[in-house]
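pasting a predicted model and its sequence here:
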Amino acid sequence: MNEKRLLLCCDMDRTVIPNGRQIEHPAAHQRFKNFCSLPGVALVYVTGRHQNLVRQAIQSYDLPEPDYAVTDVGTKIYHIVAGQWRALNLWDQIIAVDWRGSSHEQLHRHLCSLTELKLQEESKQNTFKLSYYLSLQADQEQVLSQVAERLDRLGVAASLIWSIDEPEQLGLLDILPRNATKLHGMQFLQQQLGYRHEEVLFAGDSGNDLPVLASAIRSVLVANASDEVKREACRLAKQNGHESALYLADEQSSPLGGHYTAGVLQGIGYFIPEYRDQLKQLECAS
Ligand SMILES: [Mg+2]
């Protein structure tokens, strides 16, 4: 008999953590926790946060303990057993190839003469994540192309991830190994753990989730995502030929609405009919 199982991969901020401007339906959070505790459901957090910030969020927001965590925007993967976090060293070895064995400190030495770049705090760096602040007043395009040129000269294959911390009005530049993204991290886990395509589901809300949302991996975009992200996710999924693997949660389809964890549950029901009965039972139980 084929055991039903699911690798449920969730972004954290504004996906399972209700820290956006919308309100989470009070019943959604507990129902999500109950769903994650079902036998056969393995929970993975896929996030830009580093390990300590993930653990803090689990405590502060009373989130379910994950089985795995893809953290630091994909540069670290942990297996969590009985509260113990164990880094998957094989992942470090795989992504190390892109940086030709260099660490973030070594790459920083080649970039530190670019005066527009200000190194972020030590807690935001790791072996394969080099992060800078870059003023919004700076010519970002020019700085990014200088960074890319220097890394190219070293033969380093890197992804330059530019984003804006809106509340703080800060420009953020993450330099990562080219294959160390949320998408690659999830694909690695799926392969290592032997999950089939139909046994994996992702939920996210924002720009750095787009590569997964537009991939062949079945994905849910929670309803609190911005209209811009919704449009872009649809455009990219269509462009990649994966429209049918993307589901946009909405406020009308469920009594719980579609924000945050309610959106995740909606997506599970949409993609995996085998779980609909259990979702119904959780509804009756709460
Ligand atoms: Mg998010």
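Alright, I've got the coordinates. What you see is a predicted model; the values in this text were computed from it and never measured.

rest of the way, CA atoms for contacts and neighbours
Fine.

in this protein, what spans have low per-residue confidence?
Within the chain, the segments meeting pLDDT under 70 span 1-2, 286.

state the helix or strand in which Trp162 lies.
Trp162 belongs to strand 158-165 when assigned by DSSP states H and E.

contact partners of that strand?
The contact list for strand 158-165, computed with CA atoms under 8 Å, 6 or more residues apart in numbering, reads 98-99, 144, 148, 151, 170-179.

also stretch 266-286?
With CA under 8 Å, 6+ apart as the test, stretch 266-286 has contacts from 27, 30-31, 34-35, 201, 218-220, 247-249, 253-254, 258, 265.

what's the burial count for the residue in the chain positioned nearest to the ion?
Nearest residue of the chain to the ion (CA to the ion) works out as Asp13 at 4.1 Å. Using other CA atoms under 10 Å, Asp13 has 20 neighbouring residues.

may I have the phi/psi pair for it?
Here is the backbone geometry of Asp13 (degrees, to the nearest 10): phi -60, psi 130.

which ones are touching it?
Here Asp13 is in contact with Asn19, Thr47 (CA under 8 Å, 6+ apart).

which pair of the contacts of stretch 266-286 spans the longest distance?
Taking CA to CA, the two most distant members of the contacts of stretch 266-286 are Ala27 and Arg218; they sit 24.8 Å apart.

compare these two (neighbour count), which wins?
Between Ala27 and Arg218, counted using other CA under 10 Å, the more crowded position is Arg218 (24 against 14).

phi and psi next, for the more buried one.
Note on Arg218: backbone dihedrals following degrees, to the nearest 10 are phi -70, psi 130.

again, but for Gln169
Dihedral angles (degrees, to the nearest 10) for Gln169: phi 50, psi 50.

now do the contacts for it.
The neighbours of Gln169, taking CA under 8 Å, 6+ apart as the test, are Leu136.

quick check: it vs Ser135, distance?
Taking CA to CA, to the nearest Å as the measure, Gln169 and Ser135 are separated by 9 Å.
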